[in-house]
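[1] any chance you could fold what I've pasted below:
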Amino acid sequence: MKFPRGNAVLLLTLCIVELWAVTLATLSKSDKGKKKKKDVNTVLSVHDRNLVNQELRKKHVIEECDKFSPLEQNVKNFKGPVLGYVTPWNNHGYDVAKMFGAKFSHISPVWLQAKRKAGGAYVIEGGHDIDKGWMKDVRKSGSVNIVPRILFDGWNSADYLALFKDEDSMEDFNSVLVGFIKEKNFQGAVIEIWSQLGGNLKEQLIHFLTHLADDLHDAKKSLILVIPPGIRADGSDGMFVAEDFKSLVDAVDYFSLMTYDYSSGGQPGPNSPIEWVEKCVEAISPTNNPNHRGKILLGLNFYGTHYTIPPTRVDPILGRDLVDTLKKQQAKITWDPVSEEHIFDYKTAIGRHLIYYPTPYSIHRRLELANRLGTGVSIWEIGQGMDFFYDLF
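    Model (predicted):
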C-alpha cells in the first residue's frame with residue numbers, strides 16, 4: 001500500500017515517537033527496579049556511616065539509631081561468645097533476638113523463677129511466658145543457645161539454709177530444674193543467686209552450684225552464673241572475688257559479669273567506666289588464661305542513667321526515651337575521656353539534666369577491651385538498646 005509523501009513522513013515520525021516512548025518507559029522501569037534493589041543493601045554499617053567516634057551529634061542519634069546494615073545483619077564481628085538478655089517488659093528485645101540471631105551465642109529470656117513452697121517442695125514458675133514460636137524463629141537465624149534466667153524469687157535465709165542443708169535437698173532442687181530445662185528444650189540455664197545472698201554462705205553456695213553444674217552437664221545442658229563485680233566503686237573487694245572464681249571455674253560454663261551500675265550512690269556519674277571494667281575482670285582472673293578468661297562474659301549495659309540536678313534525682317533511661325528527649329531538648333553531647341562514655345547535657349525549668357547512655361563508640365571501645373582481655377560479653381538487655389549497636393557485634 002502506498003501513502004502520499006506528507007502522510008508517510010507523519011506516520012514515520014509517529015512511529016519514531018512511539019518507539020522512543022516505549023524504550024524510555026522500559027528503561028525507566030528497569031532503572032527503578034535496580035534502584036529499589038540497591039536501596040535494600042545501601043544502608044552502610046555504623047562504621048561506614050562514621051558514627052563510631054567521639055564526635056557524636058544529636059541528629060546522628062535521632063536519625064540513625066534505628067538503621068542497621070543488612071550486609072552486617074548475619075555477620076558475627078565479635079569473635080567471643082555474646083549473651084543477650086531479653087525481658088518481657090521491653091518487647092523489642094524479642095525482635096532483636098530474631099533479627100540479629102547470628103550475632104549471639106546465647107539468648108537468655110527472663111521468664112522463670114525458682115520457688116520453695118511451704119511444704120518444702122521446689123517448683124519452677126513462669127512457664128506461661130515461654131514462647132515456643134519465638135524460640136523456633138530465633139534458632140532459625142543462627143546456632144543460638146536459649147538459656148533462660150532462673151531467679152530465686154522471694155527466698156529468705158531459711159529457704160537457702162533448707163536447700164543447702166544436705167545432698168538430698170540439693171538433689172531434689174536439681175532434679176526439678178534439670179527436668180524443666182529438658183522438657184522445655186532449653187540448652188541450659190542462667191542462675192542468678194550470688195547477689196541475693198550478699199556474699200554469705202559461700203562455702204555452701206559453691207558446693208550447691210558445683211553439684212548443679214554436674215547434673216546439668218550430665219543432661220548435656222550448660223550453666224551460666226550471674227556474678228556481681230569483684231571491685232566496688234570505692235575500690236574495695238566486691239561479693240565475688242578471685243578465690244570464688246577459682247573454686248567454680250572448672251564447673252561453670254560461663255560467668256555473666258555485671259560490670260555496670262557503677263554510679264549507684266545517687267551522685268551523677270558513668271554507668272560503667274572502662275578502667276573499672278578492666279579491673280573487675282583482672283580482679284577475678286589476674287592472668288590471661290584463655291580457659292578462664294574465655295568463660296567471663298563482660299557485662300554491657302544497653303540502658304542509661306538520667307540525673308536531674310538539684311536535688312539529684314536518678315532514673316533509668318532506655319534508648320527510645322533518649323531519642324524522644326533529644327527531639328525536644330537542645331542537648332549538648334560530650335565525650336568523657338576518663339570513663340569513655342558520652343554525656344547528654346541540657347537544662348529545663350526544673351534544673352540541669354545529665355544522661356549517661358551507651359553509644360556506638362563507647363560500645364566499640366568495650367568490645368576492643370573484651371578482645372584484648374580474652375573475654376566474651378553479656379548485654380543487659382537487648383530490648384533497651386538501639387538497632388545501630390548491632391552492626392558492632
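[2] what stretches of this protein score poorly on pLDDT?
    1-41 (pLDDT under 70).
[3] beyond the strand ranked longest in the chain, next helix or strand please.
    If you go by DSSP state E, the chain has its longest strand at strand 341-348. Next along the chain after strand 341-348, taking DSSP states H and E as the criterion, comes strand 351-356.
[4] parallel or antiparallel, which strands does that following strand pair with?
    Using DSSP bridges, the strands paired with strand 351-356 are strand 304-309 (antiparallel), strand 341-348 (antiparallel).
[5] pull out the buried residues from that strand.
    His353, Leu354, Ile355, Tyr356 (16 or more other C-beta atoms under 10 Å). In short, each C-beta sits where N, CA and C put it, glycine included.
[6] what pairs with Lys347 across the strands?
    With DSSP bridges as the rule, Lys347 is bridged to Arg352.
[7] before we move on, back to that, so how far is the longest strand of the chain from its chain's centroid?
    On the basis of C-alpha atoms, centre = their mean, to the nearest Å, strand 341-348 sits 23 Å off its chain's mean C-alpha point.
[8] identify all contacting residues around it.
    Outside of strand 341-348, the residues within contact range by C-beta atoms under 8 Å, 6 or more residues apart in numbering are 54, 56, 270-273, 322, 325-326, 329-336, 352-359, 361-362.
[9] one more: stretch 229-236?
    Applying C-beta under 8 Å, 6+ apart, the contact partners of stretch 229-236 are 237-238, 240-242, 245, 257-259, 262-265, 276, 279-280, 283-284.
[10] if we go to 7 Å?
    237-238, 240-241, 257-259, 262, 276, 279-280, 283-284 (C-beta atoms under 7 Å, 6 or more residues apart in numbering).
[11] what sits against Phe180?
    Here Phe180 is in contact with Ile124 (C-beta under 7 Å, 6+ apart).
[12] just after the helix or strand containing it, pick out the following helix or strand.
    Here Phe180 sits within helix 167-183, counting by DSSP H and E. Sequence order places strand 188-192 as the next helix or strand after helix 167-183, per DSSP H and E.
[13] mind exporting the C-alpha coordinates of that next one to PDB?
    Extracted as PDB, the C-alpha positions of strand 188-192 are listed here (Å, rounded to 0.1, in the frame of the first residue of the first chain):
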ATOM      1  CA  GLY A 188      20.900 -24.700  79.800                       C
ATOM      2  CA  ALA A 189      20.100 -22.100  82.500                       C
ATOM      3  CA  VAL A 190      21.400 -18.700  83.700                       C
ATOM      4  CA  ILE A 191      21.400 -18.800  87.500                       C
ATOM      5  CA  GLU A 192      21.100 -15.600  89.500                       C
END
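[14] list the buried ones in the helix or strand following that strand?
    Remark: after strand 188-192, the chain's next helix or strand is helix 202-218, criterion DSSP H and E. For helix 202-218, burial by neighbour count (16+ other C-beta under 10 Å) applies to Lys202, Gln204, Leu205, Ile206, Phe208, Leu209, His211, Leu212, Ala213, Asp215, Leu216.
[15] now tabulate these in JSON lines and tack on distance to Val314.
    Compiled in JSON lines, the buried residues of helix 202-218 are given as follows (distance: C-beta to C-beta, whole Å):
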{"residue": "Lys202", "distance to Val314": "31"}
{"residue": "Gln204", "distance to Val314": "35"}
{"residue": "Leu205", "distance to Val314": "31"}
{"residue": "Ile206", "distance to Val314": "34"}
{"residue": "Phe208", "distance to Val314": "35"}
{"residue": "Leu209", "distance to Val314": "33"}
{"residue": "His211", "distance to Val314": "39"}
{"residue": "Leu212", "distance to Val314": "36"}
{"residue": "Ala213", "distance to Val314": "37"}
{"residue": "Asp215", "distance to Val314": "41"}
{"residue": "Leu216", "distance to Val314": "38"}
